[in-house]
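Enquirer: task: produce atomic coordinates for the following.
(2 chains)
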There are 2 protein chains.
Amino acid sequence: MLTKSSSLMRLVGELKKLPGVGERTALRLAFHLLKSPRNLTALSESLCEVRDRVRPCSTCFAITENDPCAICSGNRDSSIICVVENSQDLMALERSNAYQGVYHVLEGAISPLSGIGPSDLRITELVKRIEAGQVNEVVIATNFTVEGEATALYLTRILKPTGVRISRLAHGIPLGSDIEFVDAATVQWALQGRNEL
Amino acid sequence: MLTKSSSLMRLVGELKKLPGVGERTALRLAFHLLKSPRNLTALSESLCEVRDRVRPCSTCFAITENDPCAICSGNRDSSIICVVENSQDLMALERSNAYQGVYHVLEGAISPLSGIGPSDLRITELVKRIEAGQVNEVVIATNFTVEGEATALYLTRILKPTGVRISRLAHGIPLGSDIEFVDAATVQWALQGRNEL
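Expert: Numbers count the residues shown, from 1 in each chain, chains lettered A, B, ... in the order given. Next comes the predicted model:
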């Protein structure tokens, strides 16, 4: 039998730090990994590799292995910058295949409750990129949450003096939705932003 | 942006091998780990430690860091052996604090569909332990599934000739259950095994 201080229990403790993983799930994952030493090694090596190789791009702050990242150094339209909260949002936008410009990752959103103010975000760096010229438009793609909207509002105020065109992702009813089940605020936005056919 | 071949995507691939973890969860876990390099390192080291230290006990085949394990080498009643499918089941029995004997981990259950026969389990080793003497009773605590019951039946047949007393964990209604919602087979077992008050 294993004591509380054993390496397996330490592994369970580490796994419990992951989001959505409790004591039971952590134990199940640990026993699963124990069954296959090869997977155990591969996961361990993979973790070290990520720690050693992945860093934020010095231009757009998206996570990358090569600095500047593939988007910043690639054949993209650098006159339009899409501002996102984090790299996951960037990946979601990339999956849409609808955007050809570059990005700027804020690394968070303004959240007074969590003690995150504008100075904790990559806003100074964004302003510098815009002031360096060549930028015609900034698409604000922060989340449609209280924090994301507050960040969008703050960015608009900060960026207005630079004279750059500022836009925001469209609000509306998502694809495949039954209007019956869409929340009232979204329906309101969809009505206000209705398009002529 | 990260390419498909990047270290983060390899980590996502490794995390996806865990039970109950799909593409989206793996991505969420990877990004969570990326936020804290200290946790990343700790998890990686913990995995290596488990791989290097944890092994089956040479007597009872429970996972352990010291051979023989704490139960086999401890102050337990070695005249009674509780047979379980795996170390997780052993831990569940230990949590009950109701058992003072030793264990024997089969490392599985007979399952013709998965190609697991009696020779893939630690049955020969169990018979050897019993034949070495000093054992009065074997408590079969395999799961109450088709595979567990088949294993229990097989063990009973194999162990009968040794003359040792063989018992099985009691079937019945679990604590805190509403009889209304208990399945018919369990109610049938509970009726057949009813105790006089």
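Enquirer: buried ones in the longest strand anywhere in chain A?
Expert: When every strand of chain A is counted residue by residue (DSSP state E), the longest turns out to be strand A:77-84. Of all the residues in strand A:77-84, those buried under the rule 16 or more other CB atoms under 10 Å in any protein chain shown are A:78, A:80-84. Yep, even glycine has a C-beta here, placed from its N, CA and C like the rest.
Enquirer: identify the residues contacting the closest residue to A:T64 other than its chain neighbours.
Expert: Take A:T64 and drop its neighbours on the chain: the residue closest to it by CB to CB, 6 or more residues apart in numbering or on different chains is A:C57, 4.7 Å away. When contacts are counted by CB atoms under 8 Å, 6 or more residues apart in numbering or on different chains, A:C57 is found next to A:63-64, A:67-69, A:71-72, A:105.
Enquirer: how far is the longest strand of chain A from where the chain is centred?
Expert: Strand A:77-84 has its average C-alpha position 15 Å from the chain's average C-alpha position, going by CA atoms, centre = their mean, to the nearest Å.
Enquirer: list the strands paired with it, with their directions.
Expert: With DSSP bridges as the test, strand A:77-84 is paired with strand A:101-105 (parallel), strand A:137-140 (parallel).
Enquirer: just the CA coordinates for the last one, please, in CSV.
Expert: Written as CSV, here are the backbone C-alpha positions of strand A:137-140 (Å, rounded to 0.1, in the frame of the first residue of the first chain):
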residue,chain,number,x,y,z
GLU,A,137,-7.6,49.5,-38.2
VAL,A,138,-7.9,47.8,-34.8
VAL,A,139,-10.5,45.1,-34.5
ILE,A,140,-11.3,44.7,-30.8
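Enquirer: that strand: what's the following helix or strand?
Expert: From strand A:137-140 onward toward the C-terminus, using DSSP states H and E, the following helix or strand is helix A:146-159.
Enquirer: what angle do that next one and strand A:77-84 make?
Expert: On the basis of axes from the mean of the first three to the mean of the last three CA atoms, to 10 degrees, helix A:146-159 is oriented at 140 degrees to strand A:77-84.
Enquirer: measure the residue positioned nearest the centre of chain A to chain B for me?
Expert: Centroid-nearest residue in chain A: A:N86, 2.2 Å away (criterion: CA atoms, centre = their mean). With distances defined as CB to the nearest CB, to the nearest Å, the gap from A:N86 to chain B amounts to 8 Å.
Enquirer: that residue: what's its closest spatial neighbour, skipping adjacent residues?
Expert: A:V105 is the one closest to A:N86 (CB to CB, 6+ apart), at 6.1 Å.
Enquirer: run through the bridge partners of that neighbour.
Expert: In beta-bridge terms (that is, DSSP bridges), A:V105 pairs with A:V84.
Enquirer: and for A:D77?
Expert: Each beta-bridge partner of A:D77 is listed here: A:G101, as defined by DSSP bridges.
Enquirer: hang on, it packs against A:I71?
Expert: No. A:D77 sits out of contact with A:I71 when judged by CB atoms under 8 Å, with a separation of 10.6 Å.
Enquirer: overlap in contacts, these two.
Expert: Going by CB under 8 Å, 6+ apart, residues that sit against A:D77 and also against A:I71 are A:V102.
Enquirer: pull the helix or strand with minimum mean pLDDT from chain A.
Expert: Within chain A, judged by mean pLDDT, DSSP states H and E, the helix or strand with the poorest mean is helix A:184-192; its value is a mean of 84.
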